[in-house]
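S.K.: Fold the following, please.
(chains A and B)
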Amino acid sequence: MKKLLSGNEAIARGAYEAGVQIATGYPGTPSSEILETIAKQYAEEIYAEWSTNEKVAMDSAAGAAYSGRRTLVTTKQVGMNVLSDALLYTVYTGVEAGLVIVTADDPGMFSSQNEQDNRWYARLAKIPLLEPADSQEAKDFVVLAFEISERFDTPVLIRTTMRTSHSKSVVIEGARGDAPDKVGLFPRKQEKYVCTAMWAKKRHPVIEQRLVEMAGYAEEAPVNSLEWGDRSIGIVTSGVTYTYAREVFPEASFLKLGMTYPLPRRMIREFAAGVNRVVVVEELDPFLEEQIRAMGIRVTGKDAFPPYDELLPDTLAELSVKAGLVTGEKASLAQVALVPAGLPPRTPVLCAGCPHRSSYYWLSQMKIPVAGDIGCYNLGCLPPFNAQHTMGCMGASVGVLHGMSIAGMPEQAVATIGDSTFFHSGMPALVNMVHNRSRGVTILMDNGTTAMTGHQDHPGTAWSLHESEAPHIAIEPLVRAMGVEKVITVNAFDVKQVKEGLDECLAFDGPAVLITRGLCAQIMKPSTVPYAVEQDKCIACGTCFKLGCPAIVKSDVMVENTGRAKAAIDSTLCVGCDMCLQVCPVQAIQPRIETEGRTEK
Amino acid sequence: MKSLNFLVAGVGGQGTLLASDILAEVGMRAGYDAKKSDVLGLAIRGGSVLSHVRWGDHVASPVVRRGQMDFMLAFEPLEAIRGAELMRPTGTIVCNTQPVVPISVSSGDETYPERADIESALSATASVVQYIDATREAVRVGNVKTTNVIMLGAFSAFLDIAADIWEDVVLLRVPARFVDLNRVAFRAGRSLVEEGVKQ
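M.R.: Presented below is the predicted three-dimensional model:
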């Protein structure tokens, strides 16, 4: 049947058709929809879970694949760094049943802290790499990846980008592949599955030999193809970039690589010999280019195209004109001049009713250095708060706070971390603070979900991806059990309580944890009526603006002697969280009276 | 078959992603190869959302080049101007007239473009511009959330695809309990344009 699927939905379908029975991962844009689709559509055939982090997901996948189940692991590109320790031993062990990792990279950094090119991981780990160009390929490549995994006894990496994962295109679906009902006893192959040096040393030559054999396979792989056209230019490309290059170079010859590691060297030589000029078109790093240059072939690549950002058709065309690769390209900028410049931006803000708001309200005013973390609360770095001073990766905040402490910084410092991120990788860092006796306050913002990636479960929630009810691991006793002596839990929507809790924690000589509890505004169904500003009472002091709430706006009414605008509340956005009422010094903010109702703007 | 490129422009939360999914699927049902790609801003909600949809015999890139958009469905006037530079000069724009004011404007830091500036920018970049108050029409049929289906209904009048195909796809993609409401909304949107053309 023909369907319009996103790349991620197609990967889920591919897992189904490949006979996959286990799928693990940690949420991360642009990869999250793969497991969500599996859980929604193929739950009977495939067990899917959100693991606590990517490394746990990979270890679990290894165990399942050793046990004889075809297993899929999904991650975003930076999650691969967390996962990699586990990946690198499965390279040595190989598997009983297929093991495939999907990394969804993010050229253009739509929702990531860096733009790393995860194709290097295939080279580092010496494992095969597949790069689909559209949804049909995304599905088909998953099936092929499992065949390769079992044929060569190796984990296989599939690399998508945001564009392949999130674009939709037509897919012809196939049938469910074979999958065993039961698995047998665990294989007692110590020399294969125990990576102790004496055995791992014997495995290394096996890996090198396997790589040679896979390079031979690449020459025949159905996903690598020579597409002869005009021979003056030959494009070597892979992934979605192939589709862009097809637009810009409609007549050229193409070497389309679906398998980009190890490379089909014979095929590349044949292609290079058949064209006048070889051009490597790839997003991010010169991954293909460097390997092809090392074969002694002259190519145009990163000398024409930048190693950053997406290489979208417009960019590719402009740079190709500059490099003399394309002539007669019509400038497509004619319309740009007709549109007014400097349009008002739509900048991201914490949602109306967000429980994180109270913490940043105070941190901003206290001017304390804040080590931040990955999550919606990263928006604390933006105006009006400007209250976050570092942010690097998942779980980094607590470790960075510890570093500030042991460096002997002459002021108090705070780390902010969400509940899901804490379970992901914040826990070891907090234990480290206790063990090494540093000081500093960790604000653990417990909003009961993994909000930023689309509200996935985690161990602190009461449900899981495959079950409607799951054991709920309470954070406060967990933190106490880690040896943190000062632990205070407050209601995140009680602004004063948050300040008192923060002050008490800051006064403590040692690691302290302030748990601010309050459900994410997107999962909590607000029951209260929106609030309103009584304009007569408002003195335009601006205190409520410091909450950075999108529902609180400047009204047209000015206070004469100061020239400052009085506040107003957009009733279509306000969810009645009550924080603005609490901070208003003159009680000018009140819930709307019922009779007033929700007025149209 | 003629290849067509569409831009769906709006603000997070307006249902533009569903609308662009539907538009791509209608193309597939009508016998085209179809692809779509979303360009989402950083904001989960309230950010700019641009979707590219392509129909053709064989579609390569899911992303359309500047100056090659044949149609734009704009759910919001400011977002319409943001997308206008992608339009083909011979193209058609269907624009909802209801603004969604961004934070940068409501905070008093920026000003929302004047209606006249919006109209001149859109008229300069496309040959046909149809304005409809889809938000008001959605409220009239019973639910502001049907704005996206009103827009699709209005837009469907510009294309030579049987209304049945549109309705089938739209009604398959909305929750079961809202099927009747959305049928009404789709037809209301379509007649906004059909009657407008007659006048």
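S.K.: would A:Leu72 count as being in a helix?
M.R.: No. With DSSP: H, G, I helix; E, B strand; the rest coil as the criterion, A:Leu72 is assigned strand and is not in a helix.
S.K.: Verify the stated contact: A:Thr241 with A:Val280.
M.R.: No. Here A:Thr241 lies out of contact with A:Val280, judged by CB atoms under 8 Å, at a distance of 9.9 Å. C-beta coordinates here come from the backbone N, C-alpha and C atoms, glycine included.
S.K.: how close does B:Val25 get to chain A?
M.R.: Small correction: residue B:25 is Glu, not Val. 5 Å (CB to the nearest CB, to the nearest Å).
S.K.: no, scratch that, I was asking about B:Arg183
M.R.: Counting by CB to the nearest CB, the gap from B:Arg183 to chain A is 22 Å.
S.K.: Now name the helix or strand holding that residue.
M.R.: Assignment of secondary structure by DSSP states H and E places B:Arg183 within helix B:179-198.
S.K.: Just give me how far that helix sits from the chain centre.
M.R.: Centre-to-centre, helix B:179-198 and its host chain are 14 Å apart (CA atoms, centre = their mean, to the nearest Å).
S.K.: Stretch A:17-24 too?
M.R.: Centroid separation for stretch A:17-24 versus its chain: 22 Å, with CA atoms, centre = their mean.
S.K.: likewise stretch A:539-548?
M.R.: 34 Å.
S.K.: Where does the prediction get shaky in the stretch 401-550 of chain A?
M.R.: In the predicted model of the stretch 401-550 of chain A, residues A:525-528 satisfy pLDDT under 70.
S.K.: cool, and chain A?
M.R.: Those would be A:329-333, A:525-528, A:593-601, if you go by pLDDT under 70 across chain A.
S.K.: how does it divide into domains?
M.R.: A:2-178+A:189-220, A:224-322, A:357-517, A:531-596 (automatic domain parsing).
S.K.: now the end-to-end length of the longest one.
M.R.: Separation of the first and last residues of domain A:2-178+A:189-220 by CA to CA, to the nearest Å is 28 Å.
S.K.: Show me where the stretch 401-550 of chain A has its helices.
M.R.: A:419-421, A:427-435, A:475-481, A:495-507 (DSSP state H, counting those that start in this stretch).
S.K.: Any buried residues in the longest one, and which?
M.R.: Across helix A:495-507, burial judged by 16 or more other CB atoms under 10 Å in any protein chain shown covers A:495, A:497-499, A:501-502, A:505-506.
S.K.: Show me where chain B has its helices.
M.R.: Ranges of helices within chain B are B:16-29, B:77-84, B:103-106, B:115-125, B:134-141, B:147-156, B:163-173, B:179-198, based on DSSP state H.
S.K.: mean confidence score for the shortest one?
M.R.: Averaging pLDDT along helix B:103-106 gives 85.
S.K.: Next one: that helix, is it in contact with chain A?
M.R.: Yes. Helix B:103-106 comes into contact with chain A (CB under 8 Å from any CB of the partner chain), by way of B:103-106.
S.K.: I'd like the residues you listed laid out as TSV, including neighbour count and distance to B:Arg115.
M.R.: What follows is the residues of helix B:103-106 next to chain A, written out as TSV (neighbours: other CB atoms under 10 Å in any protein chain shown; distance: CB to CB, whole Å):
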residue	neighbour count	distance to B:Arg115
B:Ile103	22	21
B:Ser104	16	19
B:Val105	20	14
B:Ser106	20	18
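S.K.: would JSON lines of the residues you listed with distance to A:Lys302 be doable?
M.R.: Formatted as JSON lines, the residues of helix B:103-106 next to chain A follow (distance: CB to CB, whole Å):
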{"residue": "B:Ile103", "distance to A:Lys302": "39"}
{"residue": "B:Ser104", "distance to A:Lys302": "37"}
{"residue": "B:Val105", "distance to A:Lys302": "41"}
{"residue": "B:Ser106", "distance to A:Lys302": "44"}
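S.K.: From these, pick the one nearest A:Pro313.
M.R.: The closest of those to A:Pro313 turns out to be B:Ser104 (CB to CB; 29.8 Å).
S.K.: residue contacts, that closest one?
M.R.: A:344-347, B:110 (CB atoms under 8 Å, 6 or more residues apart in numbering or on different chains).
S.K.: Dump the residues you listed to CSV, plus distance to A:Ser225.
M.R.: Below are those laid out as CSV (distance: CB to CB, whole Å):
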residue, distance to A:Ser225
A:Pro344, 47
A:Pro345, 43
A:Arg346, 42
A:Thr347, 44
B:Glu110, 50
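S.K.: Which of those are buried, as a ChimeraX select command?
M.R.: Command for ChimeraX that selects the buried part of those, burial taken from 16+ other CB under 10 Å:
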select /A:344,345,346,347 /B:110
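S.K.: Which members of the contacts of B:Ser104 occur in strands, if any?
M.R.: In strands, defined here by DSSP state E, there are no members of those.
S.K.: Surely A:Glu191 is in contact with A:Val206?
M.R.: No. With contact defined as CB under 8 Å, A:Glu191 does not count as touching A:Val206 (10.7 Å).
S.K.: Could you check which of those two has the larger neighbour count?
M.R.: A:Val206 (14 against 11; other CB atoms under 10 Å in any protein chain shown).
S.K.: Report the separation between the more buried one and A:Gln190.
M.R.: To A:Gln190, A:Val206 is 15 Å away according to CB to CB, to the nearest Å.
S.K.: just A:Ala200 next, same as before
M.R.: 11 Å.
S.K.: So for the two, which sits in the more crowded spot?
M.R.: Taking other CB under 10 Å, A:Ala200 and A:Gln190 do not tie; A:Ala200 has more neighbours (16 against 9).
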